[in-house]
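Visitor: predicted structure and sequence below. I'll ask about it afterward.
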Amino acid sequence: MEKMMPIGLKVLDCFKIIDETFIHSMLESQLNKIDKKIIVLDDDPTGIQTVHGISVYTDWTFETICQGLGEQNRMFFILTNSRAFTIDETTKVHREIAQNISLGAKKMEKDFLIISRGDSTLRGHYPLETQILRDEVTVATGKVYDGEIIIPFFKEGGRFTIDNIHYVKEGDRLVPTGQTEFAKDKSFGYYSSHLGDFVEEKTQGQYKRQDCIYITLEELRDVRIDEITEKLVKATNFNKIIVNAVDYIDVKVFAIAWASAVLRGKEFIFRGAAAITKVLGGILDKPLLKKEELVVEGYDRGGLIIVGSYVNKTTLQMEELRNCSYPIAFIEFNQHLALQLGGLEKEVKRVIALAEAEIINGRTVTVYTRRERLDLDTDDKDKQLKISVEISEAITRVVEDLTVQPRFIIAKGGITSSDVGTKALRVKRALVMGQIQPGIPVWMTGEESKFPGMPYIIFPGNVGEVSTLRETVESLMG
C-alpha cells in the first residue's frame, strides 16, 4: 500500500473557480425533476449538522415511515444510531427499515432515494448497511441498484477528498484518514486513505480499487456534466462511485450529473457524510443560531454539558472549556467502574446528586467520562462495542433521572448524544432548528419528550477547533 503524506491547507485554494449562481440554478432545476422522497438513515445524531427545518424520527416503524413520506419536505431523517450496534443488531435493524420503507412507499405511492449517512472519518458498519438495504429493497420492490455513491466530504468538519484520497484537517495540515486516530477505532478501524483501497479493504476484495468509478475534481471544476453523467450511466452491479470534493460547489456539480443519470433510469444508494444531504435536500444556508433562540430569558438554572466522546479533539476541547469566562463545575464520571459489580449504578447516583445541586444553584455543570478509555483486552469488536454502550447508557441516566430542567443541554459524542436524545429525553420526533456553530446541530424536542420544546445541542466528538466548545458554551451563558 502506497505511503501518503499530509499536505498543506493551501491545496484547497488551487482549484478552478466556477460560477456558483449558474450551478445553483441548474441544480434546482434538476432536483425539481426528481420525484423521490429522500430518506436519510443516520448512524448517529450528528448527520443533521448541515440542515434545518427537517424532521428527525427516532424509530423506523411502518407508521413513522409513512408519516415521513407524507411530509411536504423533500427529505426526512431516521436516526438509527447503528454505530452503537453490533453486526447482528445493525443487520436486523436495516432489514426491518428496508422492508418498512418498501411497504410505506407502496402505500403512499411515493418513490424514494436512500442516503446511508455515515461518519466523515469513515467509521461505521460499511459495507454491511448499504448491502442489506440494496438486497432487501430489491427483493421487496424489484428496484435494481446500479451503483453506490461514496462521498465522505464534509467541509464543516474539515474532511476533504483529493485525488481519491480522503483527508482530515488537523491544524494547518490535511492528514490522510488512514493515518488518523479514527482509523485506529477499536470497532471500525481501517488502513486505507485512498477510497478505492478503502472499498477493496472493507469489501474484502469483492469490489476492487481499479474497478471503482472515480469522479475527479478536474471534471467537476470544468463542469463536465455530460461526461460525469456518462460515467454514472455505465455503473452496474452496485459498483462503487468515488466522488472527490473540497467544497460544496463540487457536490452540487456532481448532483446535477446524478440527477441526469436518474432521469435516464439509473438507481443509486448513497453512502456519505452530512454535505450530500444538504445538497440533495436543496437546503439553503441559514445563519448560526443565537442565544435568544436557544435559552429562555430569565431562566436561572444552570446548563448541563455531557461529554462522552474519547477522541483527542474532544479532550482538548474539554480542557479548553476550563478557561470559560463563566463558572462551570466539572464532575468526572468514572466509567472504569463498569468492571465492578454495580459500580456504574453507584456512580450514576453520585454524579446526579452533585450535578443537580449545581444546576439548581444556577451553575452550569460538565459531566465527563474519565479520559482514559476503557479498552478491553480482546479482539472481539462486538464485545468492545457492548461495553461502550453500557457506559453510554450509564451516562445517559444522568440526564434521564434529573429532577430539574437545565437551562440548556449539550451532549458531546455520537453514541452519547443519541442515547441522551432518544432514551433520556425520550424524543420521538424532533425538528432540526439549525446549527449553533458550523457542524454542530440543534434539535427542538417534541411534546412527547422529557423536556418539551427544549433546544438540545448535539456536539460531535470530532468537529470544531480546540476553542469551539468553550465558545459555544459562552454564547449560551453570556
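Guide: Received the coordinates, thanks.

Visitor: show me what the longest helix seen in the chain is packed against.
Guide: Ordering each helix of the chain by length in residues (DSSP state H) puts helix 87-108 first. Of the remaining helices and strands, those touching helix 87-108 by 3 or more Cβ pairs under 8 Å, 6 or more residues apart in numbering; DSSP states H and E are strand 37-42, helix 62-69, strand 112-117, helix 128-141. C-betas here are computed from N, CA, C, even on glycine.

Visitor: look up how far residue 355 lies from the nearest residue to residue 33 once chain neighbours are set aside.
Guide: Spatial nearest neighbour of residue 33, chain neighbours left out: residue 263 (6.1 Å); criterion: Cβ to Cβ, 6 or more residues apart in numbering. Using Cβ to Cβ, to the nearest Å, residue 263 is found at 55 Å from residue 355.

Visitor: ok, residue 210 next?
Guide: In this view, residue 210 and residue 355 are 55 Å apart by Cβ to Cβ.

Visitor: of the two, which one has the most company?
Guide: Between residue 210 and residue 355, residue 355 has the larger neighbour count (other Cβ atoms under 10 Å), namely 25 against 6.

Visitor: tell me the contacts of that one?
Guide: By Cβ atoms under 8 Å, 6 or more residues apart in numbering, residue 355 lies in contact with 304, 329, 331, 365, 367, 398, 402.

Visitor: of the residues you listed, just say which sits nearest to residue 198.
Guide: Checking the contacts of residue 355 against residue 198 with Cβ to Cβ, the nearest one is residue 367 at 35.5 Å.

Visitor: pretty sure that closest one is in a strand, no?
Guide: Yes. With DSSP: H, G, I helix; E, B strand; the rest coil as the criterion, residue 367 is part of a strand.

Visitor: just grab the bridge partners of it for me.
Guide: Beta bridges link residue 367 to residue 306, residue 331, judged by DSSP bridges.

Visitor: these two touch, right, it and residue 329?
Guide: No. Residue 367 lies out of contact with residue 329 (Cβ atoms under 8 Å); the separation is 9.3 Å.

Visitor: between the two, which has more neighbouring residues?
Guide: Neighbours per residue (other Cβ under 10 Å) separate residue 367 from residue 329, with residue 367 holding more: 21 against 16.

Visitor: run a quick neighbour tally on the closest residue in space to residue 55 that isn't next to it in sequence.
Guide: Leaving out its chain neighbours, the residue that sits closest to residue 55 by Cβ to Cβ, 6+ apart is residue 76, at 4.7 Å. Residues lying near residue 76 (other Cβ under 10 Å) number 22.

Visitor: give me the pLDDT for residue 76.
Guide: pLDDT recorded at residue 76 is 98.

Visitor: quick one, what contacts it?
Guide: Residue 76 makes contacts with 37, 38, 39, 40, 54, 55, 56, 57, 68, as judged by Cβ under 8 Å, 6+ apart.

Visitor: closest one to residue 289 out of those, please.
Guide: Closest approach to residue 289 among those (Cβ to Cβ): residue 54, at 14.7 Å.

Visitor: ok, now which ones touch the closest one?
Guide: By Cβ under 8 Å, 6+ apart, the contact set of residue 54 is 48, 73, 75, 76, 77, 281, 283, 431, 432.

Visitor: residue 316 too?
Guide: By Cβ under 8 Å, 6+ apart, the residues touching residue 316 are residue 466.

Visitor: distance to residue 31 and pLDDT added to the contacts of residue 76, as TSV?
Guide: Conversion of these to TSV gives the following (distance: Cβ to Cβ, whole Å; pLDDT from 0 to 100):
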residue	distance to residue 31	pLDDT
37	13	98
38	10	98
39	16	98
40	15	98
54	15	97
55	19	97
56	21	96
57	23	96
68	18	98
